[in-house]
Structures are given as C-alpha cells and as structure tokens.
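Peer 1: structure here, sequence nowhere to be found:
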C-alpha cells in the first residue's frame, strides 16, 4: 500500500503533462509537490517541521537551475542581437547545405563537447537556438536536442556524475575505472541508434538513409575517443571525444564524405570573413576553457571556488545563514532540522562562465546599448514561468526523498528490486533514468540511487560495477526526459506550455 501511494503522484504528474490537453509544467509540478506534501503529512504522518524545511529548501534550491538557465538565455540573446548567430548559420551552410550534416555537427558533436565541459543541460540550451537559426522548427529542435544530449552525460561536467555522483559508496579507484569503462561502452552502443531516432523528429527516413555513412562516421568520431579515454580516465571522455568528433565531423562534411546532395540543398557561399567566423567561436571557446580551468581539481581553482571558509555569518532564529570566502551562500539547520541549502555562486555555471562571457561579447561584437538592453530584457521576460516549474520540481524531489528508509522514492526503488530479484540487471538502468527524471541531474540520480543499486547488486549476486554502470548509463538516458532540461530548452526557444508534448516524444 505504501508503495502504491508513493507512486500515485508521479503517475498523476505524467498523466497531467502528457494527456490531450496537457497541464503546463508551471501548474502541474507545484500541484504535484502539494499532493506529495499532503500524502507525507496525512498518510506517512511526516514531521511538520521537517516537511516545511524541505519545502523551503526546495524553493531556495531553484536558484541553481534558474541561474544556469538565465545565463544560457542571456548568452543566446547576446549572440542573437549581435548578429553572431546569423554569421554562424552562414558559416555552417557554407560547410555543407546538407541538413543531416548541419544537425550532426551542431546537435551531436558540438553538444557532445559542451556536455563534457559543462553539463547542467547547457548543451541543448546552446545548440538548439543555433539550429532554429538555420531554419529548423523550434519544437522539433527542442526534442532533437534533448534526445541527442544523452550519450555524453555520464561524463558531463568533467566527469562529475562518476567521481562525485558515486563518491559516497567507498569504491576503489579500480572499481571507478571499471564503472567508467562499462558506462562508456553501454552509452556508445546506444549511440549507434540514438542519432537516427533524434534525426527522425526533423527529417524523413529517406533523407536519413541517404546520409547514413556520414551519421555513423560522425557518431564514431565522438564515441571511439570517448571509449578509449574512459579506459584510463573518467573526467575527460566526453570533452575529448566531443572535441575530436566536432573537428572530424566538420572535415567530413566539408569534403562531402558519407553525404548525398539533394535538390533541396541550397549551397551558400561563405560571405562572412574568416575573422567574423572566428569571432563567433570566441565565446564558445571561452566558455569551454573557463569551465575546464575551474573544474580540473589539479589546477587549484576548483577548490578556491568551492571553499567553505566562513566570511560572514548570521543567526536567523530558525536557521544559520553563512557566506563563505568563495561566496558560497548556505542556510543550515532550517527550522531546527538537519535540512540545509547551499548555492555556490562562483562555481555554478551561471556567473562563471555565462555572465562573464556574455559581458565580454558586448565589446567583442561592438553591440549598441539598445541591443544589450534588449538582450537583458528578453532574458528576464523568459524566466518567471520556468522558475515556478523548477520550484515545483525541486520541492517534489525533496519531499519524495523525505522519510529515511520509508521515503517514497526509496519505497519505489525497493519495490522494483523485490519484483525482479536476480533479474535486476534488466531494470537497473530504468531506475537511473527515473532518478534523472525526478531530479534533473545524472549526478543527483547517481547520488540518490547509487547506494540502492550497490545494495541490490550485493544482495542478489550481480557484479557491482556492472550494475553501477547501468545506473550511470540510465541516468544519462533519463536526461532526455528530465523536466528541468525540457523547461530550460523550451524557455530558451520561447516555446510555451508544450512540456507534456515534448515528454511524450522524448
């Protein structure tokens, strides 16, 4: 009965967001959070203070995803109003007028590289507007970008889902490496199928079949180095694989290898100067360089940006507020409970690198004051409803995790394990995907369910590293159905109230 009640809000949420007249996420998600709160209070007899503290933490936690979305939107609007997007579109068309080539270069290889550097759903948020600028329909591009942004996710943000997501399991370095190898192999096998599914949302089967050679070559140009690097490192497979894949995909497209032309292809002479094209790529290069420099532990900046050494503290009566020397804002002991909230203002990829790169773009592209104001105004106008949606999603996650061993989220996981026993290997990836769907993060999915997966594997006698690799790969695939990412890319493309429609297809 407890398991049935735990799953009811999720079933209602999925139904509400995917039915014929779908309920918008900014209504459905807060309502689901309210329903879970009532179930916790009335059915599970949850502690009211703990329940309230989790709601407060959920509301405050929206600061992380909404600031990232704001940064991505601002950069996109700056590139739009500066004319940089138009130059990029011209350049891409001059490489190849073939639609498959354009989609694979930007939606696959470029996004693959961005995921390796940043994660947090930013690859889809950056790649999607470029593709819309090339003339592809916005809602189909959103679905395409979300589906494509899955394979590299297990090693996104310099491997964070692996080295941080599974950090609490007391694994040896040998086990970490084995998980990385198996995860990369699983994702690379999926990569032989996923691009074809994603392309179908924008193109017909005949056009896809005619360019199968290029698709496979572009896929392999990313996944081969991805798998090879995963043999000895679990931080850089996606970043290195994406960088190599992007370079090779552009060379292949430029030479027409694996591509067939059609009457619909319109070749465009690159009328933009080489300096104009180079300028367009400066923001993306800066974005990646800054992210790498601030995230590789050996270079020292990561520790500096995450330092928790107190700079200023204040007692708020029912909580303790603290600001660290790295401007990490923390609220601990909320309402006298163990619930806390934290926002790493210099480490979350919002101010660094998005805001900094956006501001550098203003003199780089010699933008007028009017255009800069328009970019900031557009950004602010697009944030309100997504903020409500994300707030509801994060409250929902916090409330689903409340209750210790009787938390609704854990009850659902245990129900799956009880049903399947030693056949758990066939469903382990689905639990990882469920975690990403709830939390919006492969890292959080691994943090949440890694321990359960480990326990089930040991209990039923399955290889621990394989089960955790399935968890990690599943969490990456769940990225395409994750509500936070769907809201983010929809917001950036100006798509309203279509979250349910997108979920049905992803």
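Peer 2: On my side now, so go ahead. Keep in mind the model is a prediction, meaning the values are calculated, not measured.
Peer 1: when you work out contacts or count neighbours from here on, use the C-alpha atoms and nothing else.
Peer 2: Will do.
Peer 1: ok, the nearest residue to residue 136 once chain neighbours are set aside - contacts?
Peer 2: In this structure, residue 136 finds its nearest non-sequential neighbour in residue 202, 7.5 Å apart by CA to CA, 6 or more residues apart in numbering. The neighbourhood of residue 202, defined by CA atoms under 8 Å, 6 or more residues apart in numbering, consists of 136-137, 140-141, 144.
Peer 1: need phi/psi at residue 202.
Peer 2: Dihedral pair for residue 202: phi -120, psi -20, per degrees, to the nearest 10.
Peer 1: how about the longest helix seen in the chain: buried residues?
Peer 2: Ranked by number of residues, the top helix in the chain under DSSP state H is helix 274-295. Buried residues in helix 274-295, counted by 16 or more other CA atoms under 10 Å: 277, 279-280, 283-284, 286-288, 290-292, 294-295.
Peer 1: tell me the mean pLDDT over the helix or strand following that helix?
Peer 2: Sequence-wise, the next helix or strand downstream of helix 274-295 (DSSP states H and E) is helix 301-306. Averaging pLDDT along helix 301-306 yields 90.
Peer 1: how far is the helix or strand bottoming out on mean pLDDT in the chain from where the chain is centred?
Peer 2: Lowest on mean pLDDT, DSSP states H and E among the helices and strands of the chain sits helix 408-420, with a mean of 79. Helix 408-420 sits 25 Å away from the centroid of its parent chain (CA atoms, centre = their mean, to the nearest Å).
Peer 1: quick check: next helix or strand after it?
Peer 2: helix 428-439.
Peer 1: now that following helix: average pLDDT?
Peer 2: Computed over helix 428-439, the mean pLDDT rounds to 84.
Peer 1: packing partners for it?
Peer 2: Contacts defined by 3 or more CA pairs under 8 Å, 6 or more residues apart in numbering; DSSP states H and E place helix 428-439 against helix 384-400, helix 442-460, helix 464-477, helix 483-493.
Peer 1: list the buried ones in the longest one?
Peer 2: Neighbour-count burial for helix 442-460, with 16+ other CA under 10 Å as criterion, is recorded at 442-450, 452-454, 456-457.
Peer 1: again, but for stretch 47-56
Peer 2: 50-56.
Peer 1: likewise for stretch 185-192?
Peer 2: Those would be 185-188, 191, for stretch 185-192 by 16+ other CA under 10 Å.
Peer 1: tell me which of those residues is nearest to residue 303?
Peer 2: For the buried residues of stretch 185-192, the minimum distance to residue 303 (CA to CA) is 30.3 Å, reached by residue 187.
Peer 1: how much space separates that closest one from residue 171?
Peer 2: Remark: distance between residue 187 and residue 171 (CA to CA, to the nearest Å) = 22 Å.
Peer 1: now do residue 377
Peer 2: Taking CA to CA, one finds residue 377 at 48 Å from residue 171.
Peer 1: do the same with residue 365
Peer 2: 49 Å.
Peer 1: so which of those two has more stuff around it?
Peer 2: residue 365 (17 against 12; other CA atoms under 10 Å).
Peer 1: now do the contacts for that one.
Peer 2: Residue 365 neighbours (CA under 8 Å, 6+ apart): 82, 84, 279.
Peer 1: residues contacting the first one?
Peer 2: This means residue 82. Neighbours of residue 82 in contact, by CA under 8 Å, 6+ apart: 365-367, 371.
Peer 1: check these and tell me the two furthest apart.
Peer 2: 365 and 371 (11.0 Å).
Peer 1: residue ranges for the helices of the stretch 201-350 of the chain, please.
Peer 2: 205-210, 212-229, 237-254, 274-295, 301-306 (DSSP state H, counting those that start in this stretch).
Peer 1: could you chop the protein up by domain?
Peer 2: What the TED database lists as the domains of the chain is 1-7+23-258+278-299+388-505, 301-366.
Peer 1: and stretch 360-375, end to end?
Peer 2: For stretch 360-375, the first-to-last residue distance is 14 Å (CA to CA).
Peer 1: figure out which of the helices and strands packed on helix 428-439 is closest to residue 3.
Peer 2: Across those, closest to residue 3 is helix 384-400 (CA to CA), at 11.8 Å.
Peer 1: what's the angle from the closest one to helix 408-420?
Peer 2: Here helix 384-400 points in a direction 60 degrees away from that of helix 408-420 (axes from the mean of the first three to the mean of the last three CA atoms, to 10 degrees).
Peer 1: now helix 384-400: mean pLDDT?
Peer 2: So the average pLDDT for helix 384-400 ends up being 83.
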